[in-house]
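K.L.:
give me coordinates for this.
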Amino acid sequence: MIETIMLALTALEEFGGAHRARQQGAIQSDYFQQALSGLNKAKATLDKSIGSKLKLPTLEATRATEQVGELGGKEIEETRKTLEQTAGSTNLATIELDDQVIKDVRDKYTTKIEDIDISLTKNLSEILSDFERQKYEMASQRDQIEMQKKLADKQSQSKYFGLFG
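P.N.:
Below is the predicted model:
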């Protein structure tokens, strides 16, 4: 009789433990499902933001290039006027000097454009590198959450008495 009561209590305890484990597993599984959903939203936001993050440095580079072009044109025009005034007052030939000055202005323009290009490449590279790092971190988080969810799902389906469930 005592053995029967002890067996019944053990069975009841086992049943209650399995039931609590199943409930806890279901709660955790729901939590991990919500975490995955939030991670999906964060990834979608990240994917959408990359375009605007890339536009700003590109627009800045375009504006800087336009300004350099305008300044180069003004510098050539001012140099041309100065050389014409000098030639008119001194009666010297300015063709060689004029060609050299224009070459110098073009070289300066080319150097400035190359500097803008280098800066743009660096900025875009940093943005893309950060984007890829964030994507990798999100993928790692996803893998971890999915594994934890699988474990929680398995726990929520634990068998009573190890036999049926």
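K.L.:
roughly how far apart are the residue nearest the centre of the chain and Ser125?
P.N.:
When the chain is reduced to its mean C-alpha position, the nearest residue by Cα atoms, centre = their mean turns out to be Phe131, at 1.8 Å. Relative to Ser125, Phe131 is positioned 11 Å away (Cβ to Cβ, to the nearest Å). C-beta: built from backbone N, CA, C; applies to glycine.
K.L.:
who are the packing partners of the longest helix along the chain?
P.N.:
As assigned by DSSP state H, the longest helix anywhere in the chain is helix 2-90. Secondary-structure packing of helix 2-90 (3 or more Cβ pairs under 8 Å, 6 or more residues apart in numbering; DSSP states H and E): helix 95-156.
K.L.:
quick one, the helix it packs on and helix 2-90 angle?
P.N.:
Using axes from the mean of the first three to the mean of the last three Cα atoms, to 10 degrees, the direction of helix 95-156 lies 170 degrees away from that of helix 2-90.
K.L.:
how far off centre is helix 95-156?
P.N.:
Chain-centre distance of helix 95-156: 9 Å, with Cα atoms, centre = their mean, to the nearest Å.
K.L.:
average pLDDT across it?
P.N.:
For helix 95-156, the per-residue pLDDT values average out at 88.
K.L.:
wait, Phe32 sits on Leu151?
P.N.:
No: the pair Phe32 / Leu151 is not scored as a contact, 9.0 Å apart, by Cβ atoms under 8 Å.
K.L.:
the more surrounded of the two?
P.N.:
Just comparing Phe32 and Leu151: by other Cβ atoms under 10 Å the higher neighbour count belongs to Phe32, 20 against 14.
K.L.:
identify the residues contacting that one.
P.N.:
Ile145, Glu146, Gln148, Lys149, Ala152 (Cβ atoms under 8 Å, 6 or more residues apart in numbering).
K.L.:
mind checking which of these are buried?
P.N.:
The neighbour-count test (16 or more other Cβ atoms under 10 Å) applied to those identifies Ile145, Lys149, Ala152 as buried.
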